[in-house]
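S.K.: sequence and predicted structure, then a few things I'm wondering about:
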Amino acid sequence: MMKSLSFAAALILALPGAAPALEALKPGAKVAFFGIHFIDTSTEGAINGVRADETARLALLEEEVRDRFLAEGFDLVDTTPVAEELGRTQNPAHCNDCEVRMAERLGADYSLVGEVQKVSNLILSMNLALREADTGDLVRMLAVDIRGNTDESWLRGGQYILDNHVFAEE
């Protein structure tokens with residue numbers, strides 16, 4: 001009985017129009033972007049370590065995200081005042097809301113973090129999470145799986161999240 005109720009609830013939430021409307025983002029608001037963390041759980045990464053092309057792709061994706069927020073009218077705050085704390089943080093996307101506290105100290109309205117997880121050269125997962133700095137409430141978060149470990153696939157994944165969720169028109 002409980003399984004069927006859970007399935008029914010999930011089905012209702014999946015119906016068009018059943019999901020709550022996204023809160024409108026405030027252009028002109030300040031965003032503390034703490035970058036995108038790369039997690040390599042592939043066998044290749046365990047054996048060969050860090051690859052220069054993936055490091056470059058991460059920088060490319062971060063630039064794409066920064067450029068898009070600026071183009072949408074947001075102000076990216078300087079994170080230098082929290083650089084020491086950020087440097088001690090292994091992954092800002094999983095630090096018990098430390099990114100929210102840092103964003104609040106920086107005077108930002110939002111904190112923004114992301115991750116790319118490489119399972120293999122074919123399968124990667126990417127996500128971005130935007131939280132309100134004063135409450136820690138999650139405002140936007142979406143994860144997508146991408147196929148292929150190329151500049152194009154990484155950019156497409158990031159652009160999909162930005163176009164279809166972060167800056168989706170209501």
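M.R.: Happy to help now that I have it.
S.K.: report the contact partners of residue 129.
M.R.: By Cβ atoms under 8 Å, 6 or more residues apart in numbering, the residues touching residue 129 are 93, 112, 113, 114, 138, 140, 141. For the C-beta atoms, the positions are set from N, CA and C on the backbone; glycine is no exception.
S.K.: got the confidence number for the nearest residue to the fourth one once chain neighbours are set aside?
M.R.: Residue nearest to residue 114 in three dimensions, not counting chain neighbours: residue 36, with 3.8 Å by Cβ to Cβ, 6 or more residues apart in numbering. The per-residue pLDDT reported for residue 36 equals 96.
S.K.: of the contacts of residue 129, which is the most crowded?
M.R.: Neighbour counts for those (other Cβ atoms under 10 Å) peak at residue 112, which has 27 neighbours.
S.K.: how far away is that residue from residue 149?
M.R.: 24 Å (Cβ to Cβ, to the nearest Å).
S.K.: about what we covered before: isn't the residue nearest to residue 114 up against residue 62?
M.R.: Yes. The pair residue 36 / residue 62 is scored as a contact, 5.3 Å apart, by Cβ atoms under 8 Å.
S.K.: more crowded one of the two?
M.R.: Neighbours of residue 36 and residue 62, each counted by other Cβ under 10 Å, are more numerous for residue 36; the result is 24 against 15.
S.K.: got the phi and psi for that one?
M.R.: Main-chain dihedrals, residue 36, degrees, to the nearest 10: phi -120, psi 130.
S.K.: could you pull out the strands for the chain?
M.R.: Listed in chain order, the strands of the chain (DSSP state E) span 30-40, 75-76, 110-118, 123-132, 138-147.
S.K.: pick the most deeply packed of those.
M.R.: strand 110-118 (a mean of 23; mean count of other Cβ atoms under 10 Å).
S.K.: what stretches of this protein score poorly on pLDDT?
M.R.: Within the chain, the segments meeting pLDDT under 70 span 1-22, 170.
S.K.: center of it, which residue is that?
M.R.: Note on the chain: the residue nearest the mean C-alpha position is residue 128, at 1.2 Å, using Cα atoms, centre = their mean.
S.K.: bridged to that residue, which residues?
M.R.: Taking DSSP bridges as the rule, residue 128 bridges to residue 114, residue 142.
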